[in-house]
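Q: sequence plus the predicted model coming up.
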Amino acid sequence: MAITAIIVSALSNYTLPDVPGSSVFVSTDNVSDNGGQNNLNGYVVGTSSDGSAGKLKVSNASLKGVSVNTGFTSGTSATSVTFDNVVQGNNLTDADTITSTSVVWSAQGNTDANGNVDVTMTKNAYTDVVTDSSVNNVAQVLDTGYTNNDLYTSLNVGTTAELNSALKQVSGSQATTVFNEARVLSNRFSMLSDAAPEVANGLAFNVVAKGDPRAELGNNTQYDMMALRKSMTLTEYQNLSLEYGIARLEGNGSDTAGDNGVTGGYSQFFGLKHQMAFDNGMSWNNALRYDVHNLDSSRSIAYGDVNKTADANVKQQYLEFRSEGAKTFELREGLNVTPYAGVKLRHTLEGGYQERNAGDFNLSMNSGSETAVDSIVGLKLDYAGKEGWSANATLEGGPNLSYVKSQRTASVSGAGSQRFNIDDGQNGGGFNSLATMGVKYSSQESALQVDAFHWKEDGISDKGVMLNFKKTF
């Protein structure tokens, strides 16, 4: 007489208790219509960190659909483990169809001399499982340093797609927002400084504060920014401008798994512009910029049962030199058009950093740099109309002529000191552009102004529209 703990239906999928050490009995009287066998489809053999496994006692059963979980991996760094007698009984078939619940491990079932089923779990190389070439390097490093910490056990995911995604997050290759936002912030300062109204004696000042739509970045990041410009006349034909700005940032960090985001910090901007005028409306313009960003950031790691936040302090420095020739044409009274062409050289240096607060998932990143040369072709339009109307527009674009980026490497705490290459997908060779437009109407009692812009550089873009209306009572 068989002792029945659970009746197994041939028509249902199920998972019996994942409790290693327990024995579950199944009645041989309840069989399927398919050859008189019990249906075990969906049964999961639970394993534990102490090396034990749950056991099922059943006879006349096919083991198709049976799988073994990876709970045992938290207790051993072995890459091959055998569990004896996970299914016990008579007339057990299809032992070779037993699978693993994780794509990282392979299960091999076999029937022993007593008719019971043993299963050997063997770890697959991450490099043999992943299908995304961008994670091959980190997969190779993880294979070399395999052990049984939180990082490695978290990678026992069910599908190849999940493993690809997990390794991208582990490597930090998707953490690009902080770098991009710093680039955007530099362009925001340029616009704020250019729009600064003159106060007196060539001194111009402009400010934007948190709460203003112009002071918003991605991931709910906001900033206060001040721009100061001093213009001087050197000679009859030469002008010089000095610029300085500072911004204080606050943000909520990353809002996307694998990405990073700004939580705080500050940026400073230094600029020097020189203009030399010639006859017939021609001019030669040169500009030098140096920006430094000291930003606090957080990176989100979220897949499977993992939900970690890694904090870091990042420093980015940006140096730019721009030279262009221009000629201004007066089409009619109040309407000027200025075509220009030139070249821009830029160099960005991002310092290395060490993450904290994420345990085995903390990254140690080395410094990286990129250097680019861009061609510049553009057209400016300025209109000063009657009855308080005015307008301005800029259309600029040009291909990237040269782009060189250093290879960044990183290590992850859970895999020791071994380093792997980082591919963040940032590439040059594209078409950079800038478009701005502004229309303004002013009278003694009111003022209306509409401004719009779109900026793109190396695939990083920013755009916005602003409507301002002032009424004097």
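A: Ah, there it is. Note that the structure is predicted; figures quoted are calculated from it, not measured.

Q: which residues sit against stretch 210-230?
A: Contacts to stretch 210-230, defined as C-beta atoms under 8 Å, 6 or more residues apart in numbering, come from residues 177, 181, 184-185, 188-189, 192-193, 196, 202-209, 241-255, 261-262, 269, 271, 464, 466. Where you see a C-beta, it was placed from the backbone N, CA and C, and this is true even at glycine.

Q: which of the residues you listed are buried?
A: The neighbour count (16 or more other C-beta atoms under 10 Å) marks 177, 181, 184-185, 188-189, 192-193, 196, 204, 206, 208, 241, 243, 245, 247, 249, 251, 253-254, 261-262, 269, 271 as buried among those.

Q: which ones among those residues map onto helices?
A: 177, 181, 184-185, 188-189, 192-193 (DSSP state H).

Q: give me the beta-bridge partners of F321?
A: Taking DSSP bridges as the rule, F321 bridges to L288, L345.

Q: neighbours around it, how many?
A: One way to gauge burial is a neighbour count; for F321, by other C-beta atoms under 10 Å, it gives 15.

Q: show the pLDDT at it.
A: The predicted local confidence for F321 comes out at a pLDDT of 99.

Q: what sits against it?
A: Taking C-beta under 8 Å, 6+ apart, we find F321 in contact with 286-289, 344-346.

Q: would JSON lines of those residues with pLDDT be doable?
A: Written out in JSON lines, the entries for these read as follows (pLDDT from 0 to 100):
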{"residue": "N286", "pLDDT": "98"}
{"residue": "A287", "pLDDT": "98"}
{"residue": "L288", "pLDDT": "98"}
{"residue": "R289", "pLDDT": "98"}
{"residue": "K344", "pLDDT": "98"}
{"residue": "L345", "pLDDT": "98"}
{"residue": "R346", "pLDDT": "97"}
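
Q: between those residues, which sits nearest K440?
A: For K440, the closest of the contacts of F321 turns out to be A287, at 25.1 Å, with distances computed as C-beta to C-beta.

Q: and the gap between the closest one and T153?
A: According to C-beta to C-beta, to the nearest Å, A287 stands 54 Å off from T153.

Q: ok, those two, which is more surrounded?
A: Neighbours per residue, other C-beta under 10 Å: of A287 and T153, the larger number sits with T153, 22 against 19.

Q: sec struct for that one, please.
A: Look at T153: counting by DSSP: H, G, I helix; E, B strand; the rest coil, its state is helix.

Q: wouldn't it be in contact with S74 here?
A: Yes. Proximity of T153 to S74 meets the contact threshold set by C-beta atoms under 8 Å, at 4.9 Å.

Q: and the closest residue to T76 other than its chain neighbours, helix, strand or coil?
A: For T76, ignoring the flanking residues on the chain, the nearest one in space by C-beta to C-beta, 6 or more residues apart in numbering is N148 at 5.8 Å. Applying three-state DSSP to N148 yields a three-state assignment of coil.

Q: burial of N148, as a residue count?
A: In terms of burial, N148 registers 15 neighbours under the definition other C-beta under 10 Å.

Q: local confidence estimate at it?
A: In this prediction, N148 has a pLDDT value of 95.

Q: need the contact list for V130.
A: V130 is in contact with 136, 139, 160, 163-164, 167, counting by C-beta under 8 Å, 6+ apart.

Q: whoops, I mixed them up, S106
A: Contact criterion C-beta under 8 Å, 6+ apart gives 100, 121-124 as the residues in contact with S106.

Q: and if you look at G264?
A: Taking C-beta under 8 Å, 6+ apart as the contact definition, G264 lies against 249-251, 295-296.

Q: same thing with A435?
A: The contact partners of A435, by C-beta under 8 Å, 6+ apart, come to 393-396, 453-455.

Q: give me the subset of these lying in helices.
A: Per DSSP H, the contacts of A435 never map to helices.

Q: closest to A78 out of these?
A: For A78, the nearest member of these is W455. The distance, counting by C-beta to C-beta, is 54.4 Å.

Q: who's E250 bridged to?
A: Q222, G264.

Q: A447 now?
A: So, taking DSSP bridges as the rule, A447 has S442, K470 as bridge partners.

Q: same check, this time on S67
A: With DSSP bridges as the criterion, the beta-bridge partners of S67 are V44, T99.

Q: okay, now it: neighbour count?
A: 19.

Q: same question, D50
A: Residues near D50, counting by other C-beta under 10 Å: 12.

Q: can you confirm it is in a helix?
A: No. With three-state DSSP as the criterion, D50 is coil rather than part of a helix.

Q: so it sits against T76, correct?
A: No. Using C-beta under 8 Å, D50 and T76 do not qualify as a contacting pair, with a distance of 9.5 Å.

Q: these two touch, right, A393 and G438?
A: Yes. A contact is recorded between A393 and G438 when judged using C-beta under 8 Å, the distance being 7.3 Å.

Q: contact partners for G75?
A: G75 makes contact with 48-51, 148 under the criterion C-beta under 8 Å, 6+ apart.

Q: for it, phi and psi?
A: With angles defined as degrees, to the nearest 10, G75 sits at phi -110, psi 0.

Q: where do the strands of the stretch 201-350 of the chain begin and end?
A: With DSSP state E, counting those that start in this stretch, the ranges of strands along the stretch 201-350 of the chain come out as 203-208, 222-235, 238-250, 260-277, 282-303, 306-327, 329-332, 335-350.

Q: and the angle from the fourth one to strand 238-250?
A: Same thing as strand 260-277. In this structure, strand 260-277 runs at an angle of 170 degrees to strand 238-250, with axes from the mean of the first three to the mean of the last three C-alpha atoms, to 10 degrees as the basis.

Q: cool, and the fifth one?
A: Strand 282-303 and strand 238-250 meet at an angle of 10 degrees, taking the same axes, to 10 degrees as the criterion.

Q: what packs against strand 282-303?
A: Contacts defined by 3 or more C-beta pairs under 8 Å, 6 or more residues apart in numbering; DSSP states H and E place strand 282-303 against helix 160-171, helix 177-194, strand 260-277, strand 306-327.
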